[in-house]
Structure formats: C-alpha cells, structure tokens
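1. model the structure of this input:
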Amino acid sequence: MPDFKRTQLYGSSRKNLIYDSFVAQEQVLVSHKIKVFKNYFYYVLTLYIVNLVQITTFDTLFMISSKSDLIPEIIHQYNEPELRNQKILSSLLENYLDGGNLIPAQKTEMGGTEAYVSSVTLEWFASRVNFASHLPLLSHKYNPLSGNIEIDADSIDEINQRPLDWSRQAALVQYLASRKHHKFPPVLVVLNQPWVDTPKAPEWDDEGKALKSAAEFISFDEEGRFGFLNVNTQNVTIYALDGQHRLMGVQGLIELLGNRQLQRYKKDKTPYESLIKLSDLIEQFDLSSDYLEKLPQEKIGIEFISAVTAGETRQQATRRVRSIFVHVNLMAIPLTKGQLTQLDEDDGFSIVARKIAVTHPLLEQREDRQARINWNSATVAPKSTVLTTLQALKEMSERYLGQKYLHWKKEKGLISMRPDDEELEEGIKEFSTLFDYLASLPSYRILEDEDTPSLRRFSFEKNGGEGNMLFRPVGQVALVQALGILVFKKGLSLEKIFKKLCTFDKKGGFSNMEFTNSLWYGVLYDTNRKRITVAGKDLAAKLLVYILGGMKDSMEISELRKEFAKTRTFGSKTINFEGDYVDPQELGLPAKL
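-> Sure thing, here's the model as predicted:
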C-alpha cells in the first residue's frame, strides 16, 4: 500500500481497486515515490467525472488501465508532474467525449440567465439544432412549406422568432463553400427536454414550477465554471434562438455536399427552377475536394441557454426566452448600406467607389473645405454641405462600370466575387476619368465659391436655391447611368458627350427642377409632394440618353415619350413646358443637344 492516505471520496471497493492498481503499477515502473499522486487533483477530478456521468465509465477506465496500459504508459513517459497530469486527464476526457452526448462547456451568467458556451462542428450543428418553429408548443401552428409559424390569436403571444427568409440560403451556402476565410458569429440556442412540454411531468411541482433546469450541466470545479453539458439525443432537443439563417445556411451546405446540388428558394420557400450545383461552384471558385471534405468538421461557436430553469413556471420561462431574443436583436443594429460599402472587400463596384471617394479632387477630404462625402447615410439633408454619399458613389460605379464589366455584377441573392487586381485598377482608372469630366461641368466648377445647400435647395424653400439635380444623389446616379450606356453600349466618347453637357448645364438644363419648363419636372421632382423622387431615376437616365443622341429606334422613342408624358399628366390633361394643360399626345420630347 502507498504511504499516503487513501482518498475517501468514494466508497466503492472497485474504485479503490483501480486506484491501487495505478499506484502498484507506478511502483513497478519507477523506483522513487511519484510526486504526481501527492497532488492528485487530476485523478480525483477524473473519478468525479466518472461518478457523475452515470454510465459504465469505470469499466472503461478499468479497461484502459488493465488492457491498454495507457495510464501507466503516460506515467512512465512523462517525468514532469504537471504535464503528466494533463496527459492523463486528456486521455480520459477524450474517451468520454467520443460518445457525442457530452459537450465541454464554460458556464456564464448575465442578467440572471445562466448560459453554457462551447463549439460544435458544422455537421453537428446542422443535424442537431432545429428551427424555432419546431418547438412543441408551436407545432399546431407550424407551416411545413415555409418553415414558419402562422400567426393568429392563439400563437401571437408565443411567437419568438422572425419569419425565415429562404431566399438567403443560396447566398449563405455560396459564402461558406467559396470563401476560404468565411466566418459565422456564434449562435444562441435553447436546450429543451420533453418534460418541459408535459405539464404533469414529475419535474414540475404542485405550483407549476420546475424542480430542475432543462440544461444538465456536470461541473468540474467547486465554482461550477467548467464542465460537461448533456446533449443526449434521447432526451434533449435544441432550437436556434438567434442564428436561424446561419442554421439554414449550414444545413444547405451539408445538403449541397451530400447531394452535389441544392434547390434555390424564394423568400417563402417557393422553389425556383434553378439549382446550385456543386460542380459549378468547384469550377467557378477553383475549389479542391480536400477543402470541401473538411468543411463539415469546421467548428462554430454556440451558446446554450435552458428552456426552463429551476423555480420557473412554463409561462415565465417562455417570457424569459422571448425577452432574450428581443434584446439580442435590438442590440444588433444592422450596418447601413454606406457602412457595408466601406467594408466590402469582394464587390468590385464598392472597391472602386471607395477609392474614388478618397483620391479624386472633386470628392477628397481637404482641410480648406467641408467634407463632400456622407459615408454612412444614403441620403443628403437639405442643409448638408456634402456633395454626395458613398452609397450613391457605389451605385454610380455599378451603373457605369457595370456596362463594361458585366461579370462584376452578382447574381441576385449571391455574394460578389472580387475581381483580380489588374481589372480593379483598370476600373478605378475608368471611373476616375469619368469624374475628371464630371468636375468640368459648370455646376461643379462653382463649388469652389459656393456651398452645396444653396445649389441643392428648391426656390420655395427657406433662403431659396437653384434646385440643381446634380446636387442630389438620385440625379447624379441617373446621369452616370446614362453615360455608361452612351460610352460602353453606344460607343460615344466622353469628350463629345461632355461638350454637349457643358452647354446644356450653362443654359440651366440641370437646374430649377420644380418649374414646368424643366425636363425633370414630374420626373425627378414630385409635383404633388413638392420634393425629390427616386422613382423617376431610370426615366431620367433614358431622357439623357435621348437628348445626347444615343436613342435611334423609333419605337423606343415613342415609348419614352408616352412614359415622359405620364409623369406630367394630372387627370386627363398634361402640363407642357410652357405650363399649359394639353392632351397627353400633344406633349413632345425636348430637342436633342
């Protein structure tokens, strides 16, 4: 027997037998008394885990000790006590984790809610976690076609998730499969057990309060910080509280890898005719089979909360879970379009827009003048001194360069593929040249002497203004869209185009939108609400193409005239350029430049 006191933590003779076996084998293997058992924390911890798991772990431990000689081998191999202890614990823990019913986790607590933080493979996440709509308490309102809950008087107070948007699945799957540096943030899930949905289960007391938590956590330490979370498939179900669309994306990825194709859906899960094929992604993004095979084993962060905690009624538990969901989503404010443009490193149009915003003389930041770019918002306030927005620049880039670089445009619902550096440099050069010409327009040349608010405001607004469309993002986008068509589709040169535009601008062609003699009255100026309108952006672009000589087809011109007349028609009469009411067919298009 060893010369130190036998532990009395457990009364089982079999446990003592195993303990003696370890010591006896160590005495045979080494001549000196080992230091590792003088501080036998790891050994006691291992026995503690074994006792709590309540499976045939002692048989397994005995097998490891007597048959494979793994523990004695570790003791013999490692002389340093701390490293030796770690290896012993590691070898035993791996044995317990192999079954998949226990997950190592760290316990956290915030705002009175206990949670358990861990990580799981994408394959495990896809197979074990369900959508919130699968909850038993909502199953009678579950729509199997859309995967959502039908809201009515019975279910409205139980709804705890936003509807699923299945049109997002394709983009998420493509992102996971094609982006080597993909990353999903951790998901928040709720751990549930069958008794939670059984009011007369023995786990509820006479007052309808839970006698225990639905989350079974086996603690390693006295403070309960680290341990195992029981996720046994026989009695535990898990559903996504925050991260349903991430779940949708991962499930789609696993299906794509398994079936080599994935059905694409509309928002309500109505199927499209098209499929995502794995072979297409492999060819398009040059993906290797080795890379794809490893994807299911990648790990995602996951945080578990209990569906009900000890002392809660079922109603209190439901309210707590719903409240957490609302708080999580309220705190997670989505980025604006401008902020997304600032951060997007894949979309070629965004990259070009950012570059021009900080390098072109018309737009760049200078100490001697006000900032000319609104980096976050998509609109420009009447009193704002900026010239445009980053979001408008991105749209201009897309509508101009998109006529030449058709492959830069992403398919709806999918993620852009970053163009190569050479092509990006070419695009930046093209767009910079365009802005050189734009800066030559008389309206922009007077910016050195006059602020933008006076050029932007309508005449009837306080302090009056010029009402110039070139100082409105919608007008800027319409002009650049027309220029893209004229240059890349019609083959006209920027030099010839801007000779005409400069003349048009000098004559006030872009100004006084609120007056009937303006081409933009009713098109970009809403005559009823007396404000700018974005609805006429495409029509404005067509009119610019026409007056600059880029429209030759008589049928196309006839349709343009009808569309133009419609914007100036009130009832059965149309307002002409002189401000008189005429029949719609009497209104003609303006003369070409």
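2. quick one: least confident helix or strand in this protein?
-> helix 57-63 (a mean of 39; mean pLDDT, DSSP states H and E).
3. the helix or strand that that one is followed by: how far from the chain's middle?
-> Later in the chain than helix 57-63, the nearest helix or strand by DSSP states H and E is helix 70-77. Distance, stretch centre to chain centre, for helix 70-77: 48 Å (Cα atoms, centre = their mean, to the nearest Å).
4. swap in stretch 105-114?
-> The mean C-alpha position of stretch 105-114 is separated from the chain mean by 26 Å, Cα atoms, centre = their mean.
5. first vs last residue of it, how far apart are they?
-> Terminal residues of stretch 105-114 lie 12 Å apart, using Cα to Cα, to the nearest Å.
6. do stretch 276-293 as well
-> Terminal residues of stretch 276-293 lie 18 Å apart, using Cα to Cα.
7. flag every buried residue along it.
-> Buried residues in stretch 276-293, defined by neighbour count with 16 or more other Cβ atoms under 10 Å: 276, 278, 281, 282, 287, 292. (C-beta placed from N, C-alpha, C; glycine too.)
8. so the fourth one is in which element?
-> Pointing back at residue 282 there. Here residue 282 is assigned to helix 278-285, by DSSP H and E.
9. where does the stretch 301-450 of the chain dip in pLDDT?
-> 326, 329-335, 411-415 (pLDDT under 70).
10. list the buried residues for whichever strand or helix holds residue 455?
-> In this assignment (DSSP H and E), residue 455 forms part of helix 452-456. The neighbour-count check on helix 452-456 (16+ other Cβ under 10 Å) flags 452, 453, 455, 456 as buried.
11. give me the contact list for the helix or strand just after it.
-> Later in the chain than helix 452-456, the nearest helix or strand by DSSP H and E is helix 473-488. Residues outside helix 473-488 that contact it (Cβ atoms under 8 Å, 6 or more residues apart in numbering) are 378-380, 388-389, 391-392, 395-396, 399-404, 434, 438, 468-470, 492-494, 497, 510, 520, 524, 532-534, 537-538, 540-542, 544-545, 548, 550.
12. what of stretch 165-176?
-> So stretch 165-176 is contacted by 146-147, 182, 184, 245-246, 248-250, 252-253, 256, 262, 264-269, 276, 281, 295, 413-415 (Cβ under 8 Å, 6+ apart).
13. ok, stretch 448-458 next?
-> Counting by Cβ under 8 Å, 6+ apart, 370, 372, 380, 382-387, 443, 446, 463-468, 470-472, 513-514, 530 sit against stretch 448-458.
14. report the buried members of those.
-> Buried among the contacts of stretch 448-458 (16+ other Cβ under 10 Å): 372, 380, 384, 386-387, 443, 465-468, 470-472, 513-514.
15. gap between residue 214 and residue 339?
-> Distance of residue 214 to residue 339, given as Cβ to Cβ, to the nearest Å: 39 Å.
16. for those two, indicate the residue with more neighbours.
-> Taking neighbours as other Cβ atoms under 10 Å, residue 214 and residue 339 compare with residue 214 leading, 25 against 15.
17. that one should be in a helix, yeah?
-> No: Residue 214 sits outside any helix when classified using DSSP: H, G, I helix; E, B strand; the rest coil, being coil.
18. residue 465 contacts residue 459, doesn't it?
-> Yes: between residue 465 and residue 459 there is a contact under Cβ atoms under 8 Å: 6.5 Å.
19. follow-up on the earlier one: just the contacts of helix 473-488: which are in helices?
-> 391-392, 395-396, 399-401, 434, 438, 494, 497, 537-538, 540-542, 544-545 (DSSP state H).
20. average pLDDT across the helix holding residue 455?
-> Average pLDDT, helix 452-456: 86.
21. kindly report the same for stretch 481-492.
-> On average, stretch 481-492 scores 95.
22. list the buried ones in that stretch?
-> 481, 482, 483, 484, 485, 486, 487, 488, 492.
23. cool, and stretch 179-199?
-> Buried, per 16+ other Cβ under 10 Å, within stretch 179-199: 184, 187, 188, 189, 190, 191, 192, 193, 195, 196, 197.
24. and it, C-alpha only, in CSV?
-> Extracted in CSV, the C-alpha atoms of stretch 179-199 (Å, rounded to 0.1, in the frame of the first residue of the first chain):
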residue,chain,number,x,y,z
ARG,A,179,-14.8,31.9,-49.4
LYS,A,180,-11.7,30.4,-47.8
HIS,A,181,-11.8,33.0,-45.0
HIS,A,182,-15.5,32.5,-44.2
LYS,A,183,-16.7,33.1,-40.6
PHE,A,184,-20.1,32.9,-38.9
PRO,A,185,-20.6,34.5,-35.5
PRO,A,186,-21.6,32.3,-32.6
VAL,A,187,-25.3,31.2,-32.4
LEU,A,188,-27.6,31.3,-29.4
VAL,A,189,-29.7,28.2,-28.9
VAL,A,190,-32.2,26.9,-26.4
LEU,A,191,-31.8,23.5,-24.8
ASN,A,192,-35.2,21.7,-24.2
GLN,A,193,-36.4,18.4,-22.8
PRO,A,194,-39.7,16.6,-23.3
TRP,A,195,-40.8,17.2,-19.7
VAL,A,196,-40.8,20.9,-20.3
ASP,A,197,-43.8,20.5,-22.6
THR,A,198,-45.6,18.0,-20.3
PRO,A,199,-47.4,20.0,-17.6
